[in-house]
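> When you get a sec, could you give me coordinates for this:
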Amino acid sequence: MTAEATGSRFSGPFQAGDRVQLTGPKGRMNTIVLEHGKVFHTHRGAIEHDAIIGLPDGSVVQNTVGVEHLALRPLLADVVMSMPRGAAIIYPKDAAQILALADVFPGATVVEAGVGSGALSMWLLRALGPTGRLLSFERREEFAEVARGNVTSYFGSTPENWSITLGDLTDALPTVTEPGSVDRVVLDMLAPWECIGPVADALTPGGVLLCYVATVTQLSRVSEAIRNSDLFTEPDASETMIRGWHVEGLAVRPDHRMIGHTGFLVTARRLAPGAILPQLKRRASKSDFADEDIESWTPGALGERDVSAKSLRRRVRAAGAAAELAASRGEPAAADADADADDAGAR
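Next up is the predicted model:
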């Protein structure tokens with residue numbers, strides 16, 4: 001994947017193989033992949049794909065009964081929210097914070113574990129640019145296949161600066177990276193505290209470790225593991241909430257719904273070899289823990305929801321089909337425009 005090829009997929013007139021988000025008069029969104037000779041059907045009329053191909057982004061098209069639809073290329077946030085999922089995704093609000101808090105920059109070498117469904121991989125690859133490198137790790141082959149399909153579908157081909165390594169990060173990371181060669185590490189896993197040692201070895205001095213965890217028990221344990229390793233700065237924890245606002249004339253009020261808690265972000269920076277962090281003065285608190293506290297931190301106590309084997313196989317097929325269609329860039333391929341939103345990307 002070259003910079004020129006990537007840019008052409010996200011700008012200019014619509015081409016066969018492009019994703020297009022069609023928004024009807026009532027705000028209903030549907031995402032289709034343009035193919036010559038195909039037709040998108042709604043309950044009120046149909047739109048020929050060839051009528052959209054060649055139009056500039058942001059055009060308005062009419063279907064066969066005169067109903068107007070706005071045609072836009074979907075944003076990456078739209079894509080990740082509607083793509084096939086093997087594991088739960090990192091939502092756009094957290095992905096944006098990860099890019100900022102981890103200070104991901106073009107040309108950096110970034111380690112990501114686990115890869116999940118590939119949502120964060122897309123954000124990282126765009127931020128890294130063609131000169132950066134993303135090393136993703138995943139324990140489950142099915143999740144890796146879904147992620148590979150989703151990323152390939154979005155970029156049109158598998159990025160040359162991206163790799164997925166199957167296996168446990170603790171064992172696999174030293175075989176893929178040299179000590180002190182990684183700029184940033186992002187951990188999205190059930191027990192990130194188990195990887196603190198290998199991650200510290202891989203990170204360059206001053207490099208950033210960021211952990212994404214869902215529960216306060218995970219937050220507590222990973223923070224203590226970072227602190228007790230004596231290899232990082234003091235961990236910093238936060239969460240992000242978004243509240244939209246309704247603004248129409250003088251009717252200005254917060255939305256009835258908001259995007260609340262999805263996960264905690266914990267960041268720390270790698271100390272130089274031999275450096276000793278100055279002791280911080282703290283107020284008295286329960287910073288120590290006993291054996292009974294450890295039990296609430298075990299992976300079994302934290303819980304992990306598995307996707308059924310049947311559902312996962314279906315999602316692997318959906319991600320693979322989307323990747324093949326994107327790679328063909330307009331060659332005839334079977335597609336169901338009215339498929340389920342989770343598998344076909346309707347929004």
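
> For the rest of this, base every contact and every neighbour count on C-alpha atoms.
Will do.

> Pull out the buried residues from stretch 81-92.
81-87, 89-90, 92 (16 or more other CA atoms under 10 Å).

> repeat for stretch 150-159
Neighbour counts over stretch 150-159 (16+ other CA under 10 Å) mark 150-159 as buried.

> Let's have those in a markdown table, adding distance to residue 141.
Formatted as a markdown table, the buried residues of stretch 150-159 follow (distance: CA to CA, whole Å):
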| residue | distance to residue 141 |
| --- | --- |
| 150 | 14 |
| 151 | 15 |
| 152 | 16 |
| 153 | 18 |
| 154 | 20 |
| 155 | 21 |
| 156 | 22 |
| 157 | 20 |
| 158 | 17 |
| 159 | 19 |
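
> Quick check: the farthest pair among those?
By the measure CA to CA, 150 and 159 form the most distant pair in the buried residues of stretch 150-159, at 11.8 Å.

> rewinding a little: mind checking which of the buried residues of stretch 150-159 land in helices?
150-155 (DSSP state H).

> re earlier: closest one of the buried residues of stretch 150-159 to residue 248?
Nearest to residue 248 among the buried residues of stretch 150-159, counting by CA to CA, is residue 154 at 34.5 Å.

> which residues of the stretch 101-250 of the chain fall in strands?
Secondary structure of the stretch 101-250 of the chain, counting by DSSP state E, counting those that start in this stretch: strands at 109-113, 133-138, 162-166, 182-187, 203-213, 236-239, 245-248.

> Could you point out which of these sits nearest residue 327?
Closest among the strands of the stretch 101-250 of the chain, using CA to CA: strand 162-166, at 16.7 Å.

> That closest one: how far from the chain's middle?
15 Å (CA atoms, centre = their mean, to the nearest Å).

> ok, and what's touching it?
With CA atoms under 8 Å, 6 or more residues apart in numbering as the test, strand 162-166 has contacts from 115, 125, 133-141, 144, 172.

> Extract the CA atoms of it and return them as PDB.
Output of strand 162-166 as PDB, limited to C-alpha atoms (Å, rounded to 0.1, in the frame of the first residue of the first chain):
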ATOM      1  CA  TRP A 162       1.700  -3.800   9.200                       C
ATOM      2  CA  SER A 163       2.100  -7.300  10.500                       C
ATOM      3  CA  ILE A 164       0.100  -9.600  12.800                       C
ATOM      4  CA  THR A 165       1.900 -12.100  15.000                       C
ATOM      5  CA  LEU A 166      -0.100 -14.900  16.500                       C
END
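
> rewinding a little: could the strands of the stretch 101-250 of the chain be laid out in a markdown table, adding distance to residue 219?
A markdown table is the format used below for these (distance: least, CA to CA, whole Å):
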| stretch | distance to residue 219 |
| --- | --- |
| strand 109-113 | 17 |
| strand 133-138 | 21 |
| strand 162-166 | 26 |
| strand 182-187 | 12 |
| strand 203-213 | 6 |
| strand 236-239 | 8 |
| strand 245-248 | 30 |
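
> Take the ones you listed and lay them out in CSV including mean neighbour count, mean pLDDT and distance to residue 260.
Shown next, in CSV, are those (neighbours: other CA atoms under 10 Å; pLDDT from 0 to 100; distance: least, CA to CA, whole Å):
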stretch, mean neighbour count, mean pLDDT, distance to residue 260
strand 109-113, 24, 97, 24
strand 133-138, 23, 97, 27
strand 162-166, 17, 97, 31
strand 182-187, 25, 98, 21
strand 203-213, 23, 98, 15
strand 236-239, 14, 97, 9
strand 245-248, 11, 94, 14
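
> among those, which is nearest residue 320?
Taking CA to CA, strand 162-166 is the member of those nearest to residue 320, at 15.7 Å.

> orientation of that closest one relative to strand 133-138 in degrees?
Counting by axes from the mean of the first three to the mean of the last three CA atoms, to 10 degrees, strand 162-166 lies at 20 degrees to strand 133-138.

> List the neighbouring strands of strand 162-166 plus their orientation.
strand 133-138 (parallel) (DSSP bridges).

> neighbours around residue 249, how many?
Using other CA atoms under 10 Å, residue 249 is surrounded by 6 other residues.
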